[in-house]
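>>> generate coordinates for the sequence data below:
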Amino acid sequence: MNAGRRLLPLVALGAAAAVVGVVLAATSSRGKAIDVPSAHAASWGKAIEVPGTAALNSGGHAGVDSLSCTSVGNCAARGDYRVGTTFRAFVANENDGVWGPAMPTNDRNTASQKAFDALQRAHLSRIRHLSDGFGGVSDLVCTKPGFCVAGGSYYDGRSGCGVDGGYCYQAFVVNETNGVWGRAVEVPGTAKLNSAGDGSFDTISCWSTGNCTGMGTFMRGPAALEDETFAVEERNGVWGNAMRFPFPTDMLSADGGFGFTDLFCDSARSCAATGSAPSVSVFVVNKTNGTWGKPIPVPGLDRLEQGANDAAMRSLFCTTSRFCTAGGESSVGYDPDGTHTDIEPFLVTEKNGVWGDAFALPGFTDLNEGEFSDLFSISCPTATSCAAGGMYTDDSHRQQGFVVSETNGVWGEAIEVPGSAALSVGHNENGSDAEVDQVVCATADSCTAGGFYTDRAGHQQAFVTAP
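Residues are numbered from 1 along each chain as shown. Okay, the predicted model is just below:
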């Protein structure tokens, strides 16, 4: 995933396009036509620059990474832009179908980030130079304005940890109540689990204020330097002790790339989660009646991958924990000369608690002529109506953004974001010319996409779709 411009992945909203930061909470291709057997297929507006962001973005690196819509034509976007070498955040609001100008925010210095910084500084008295590589916020979930939870990892000031003997990281969590952020603390119980010093709080899901489930990773040692995972519960605003998640031994790995990527819980007793494990590529797992089941490889993905066993899970969206859609990218086969694989998106759906077989997007091979693509975001206003977005490479090996929609349980063909061809006329040095990073649907037939494109000067600019 080409995510070099993102400093902190701040939001994972689970099954509702809820609250994105402080300001968002206050708002309460040259491709094919979508071909679905319904008059109510999701409509996509035309890509436009987020008003005002090009003027802010003097450093030439901007994009949208969070969207929230309260109703059709009333949305909000969060993203970042660069001034010199410094990244800054913006928010923009859409009212009655018209996007207003982007407003700079001090998002890098929000209370949640300050709380993290304070925790980290307490362990960094011996370190002169800090960088974004020293931990950070991995997930932020808000149940309503002023009530949020953030988690991630922090550098505890030690070295000699993990498989490579590098810096030591611990998992942290911090809560916001009535608009006031509390003190960031180490996730209870993780210090005992994380004896090899490589921990992180990775994904959080809250079904009501003060009631959440979270997942993270740790590394135990010294006898066994293996990635393992923990689960931790918050009840009535109090976090309990982290407990080791019972993964099968053959899924554990010492080479990284292991852990949960997304989580949705609609109660303390019912959850769905996705993740990555080198031994099985990607997996799904459910919690039913208060008990976690056994993680299983994504069904049917081995037939898509043709033995490549190389996939990544990017997004999970659930209407309930028994009706979910997840997706990402996988290697769908090797070229005859064996030099590279064709990388394409996949989707997998859960219906009534049973995960079906993974499937490729209809007709996507014809769109993805450059044979490299990815799916980054899914939104489902109903159990049988979803939308997704990501990137593909065209016949000139330029990266473009795509969107695709499902209507009444049938997925149409992916298309290039309408209007993006007129915007994305340049090429940047890393080849990431355009991309959809977020989609959100206010209703089954009205969806909004956001991401970035490259202008004629080779600068990445932020876009959203508008009617």
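
>>> residue ranges of the strands in the stretch 201-350 of the chain, please?
211-220, 226-235, 238-239, 243-244, 259-267, 270-277, 281-288, 291-292, 296-297, 311-320, 323-334, 341-351 (DSSP state E, counting those that start in this stretch).

>>> who are the packing partners of the fourth one?
What it means is strand 243-244. strand 226-235 (3 or more Cβ pairs under 8 Å, 6 or more residues apart in numbering; DSSP states H and E). C-beta here means a position set from N, CA and C on the backbone, and glycine is covered the same way.

>>> what's the angle between the strand it packs on and strand 211-220?
Strand 226-235 and strand 211-220 are oriented at 160 degrees to each other (axes from the mean of the first three to the mean of the last three Cα atoms, to 10 degrees).

>>> run the chain-centre distance for strand 226-235.
Strand 226-235 has its average C-alpha position 19 Å from the chain's average C-alpha position, going by Cα atoms, centre = their mean, to the nearest Å.

>>> elements contacting it?
Against strand 226-235 (3+ Cβ pairs under 8 Å, 6+ apart) you get helix 190-193, strand 211-220, strand 243-244, strand 259-267.

>>> go with 10 Å
strand 166-177, helix 190-193, strand 200-208, strand 211-220, strand 243-244, strand 259-267, strand 270-277 (3 or more Cβ pairs under 10 Å, 6 or more residues apart in numbering; DSSP states H and E).

>>> among these, which is nearest G237?
strand 166-177 (7.0 Å; Cβ to Cβ).

>>> now T85: how far from R183?
31 Å (Cβ to Cβ, to the nearest Å).

>>> now swap in D65 and tell me
Counting by Cβ to Cβ, the gap from D65 to R183 is 27 Å.

>>> who's more crowded, the two?
Ranked by neighbour count (other Cβ atoms under 10 Å), D65 and R183 place D65 first, with 26 against 9.

>>> what strands line up against the strand or helix carrying that one, and which way round?
Using DSSP states H and E, D65 maps to strand 63-71. With DSSP bridges as the test, strand 63-71 is paired with strand 74-83 (antiparallel).

>>> next, the buried residues of the strand holding D65.
For strand 63-71, burial by neighbour count (16 or more other Cβ atoms under 10 Å) applies to 63-69.

>>> stretch 90-106 now?
90-94, 99, 102, 105.

>>> where does pLDDT dip in the chain?
1-42, 106-135, 222-225, 253-257, 305-309, 332-341, 430-431 (pLDDT under 70).

>>> list the buried residues of the longest strand belonging to it.
In the chain, taking DSSP state E as the definition, the longest strand is strand 147-161. For strand 147-161, the buried set under the neighbour-count rule, 16+ other Cβ under 10 Å, comprises 147-157, 161.

>>> of these, just say which sits nearest to L316.
Nearest to L316 among these, with distances taken as Cβ to Cβ, is G151, at 16.9 Å.

>>> spatially nearest residue to that closest one (excluding sequence neighbours)?
F201 (3.4 Å; Cβ to Cβ, 6 or more residues apart in numbering).

>>> okay, now that neighbour: neighbour count?
Neighbours around F201, by other Cβ under 10 Å: 30.

>>> give the contact list for it.
Residues in contact with F201 (Cβ atoms under 10 Å, 6 or more residues apart in numbering) are 137-139, 149-154, 170-174, 186-187, 190, 214-218, 230, 232, 242.

>>> repeat that for P299.
284, 348, 354-358.

>>> what do you get if the cut-off is 8 Å, keeping everything else the same?
By Cβ atoms under 8 Å, 6 or more residues apart in numbering, the residues touching P299 are 348, 355-358.

>>> could I get the buried residues of strand 63-71 as JSON lines with distance to S396?
Listed next are the buried residues of strand 63-71 as JSON lines, based on distance: Cβ to Cβ, whole Å:
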{"residue": "G63", "distance to S396": "21"}
{"residue": "V64", "distance to S396": "24"}
{"residue": "D65", "distance to S396": "26"}
{"residue": "S66", "distance to S396": "30"}
{"residue": "L67", "distance to S396": "29"}
{"residue": "S68", "distance to S396": "34"}
{"residue": "C69", "distance to S396": "33"}
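
>>> F372: which of these is nearest?
Nearest to F372 among these is G63, at 19.0 Å by Cβ to Cβ.

>>> could you dump stretch 171-184 to PDB, C-alpha only?
The C-alpha coordinates for stretch 171-184 follow below in PDB (Å, rounded to 0.1, in the frame of the first residue of the first chain):
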ATOM      1  CA  ALA A 171       1.100  -1.100  23.800                       C
ATOM      2  CA  PHE A 172      -0.800   1.900  25.100                       C
ATOM      3  CA  VAL A 173      -4.400   3.100  25.300                       C
ATOM      4  CA  VAL A 174      -6.000   6.500  26.100                       C
ATOM      5  CA  ASN A 175      -9.600   7.500  26.600                       C
ATOM      6  CA  GLU A 176     -11.400  10.700  25.900                       C
ATOM      7  CA  THR A 177     -14.500  11.500  28.100                       C
ATOM      8  CA  ASN A 178     -16.700  14.600  27.700                       C
ATOM      9  CA  GLY A 179     -14.100  16.100  25.300                       C
ATOM     10  CA  VAL A 180     -11.200  15.700  27.800                       C
ATOM     11  CA  TRP A 181      -8.400  13.200  27.100                       C
ATOM     12  CA  GLY A 182      -7.200  11.200  30.000                       C
ATOM     13  CA  ARG A 183      -3.600  10.000  30.600                       C
ATOM     14  CA  ALA A 184      -2.200   7.500  28.200                       C
END
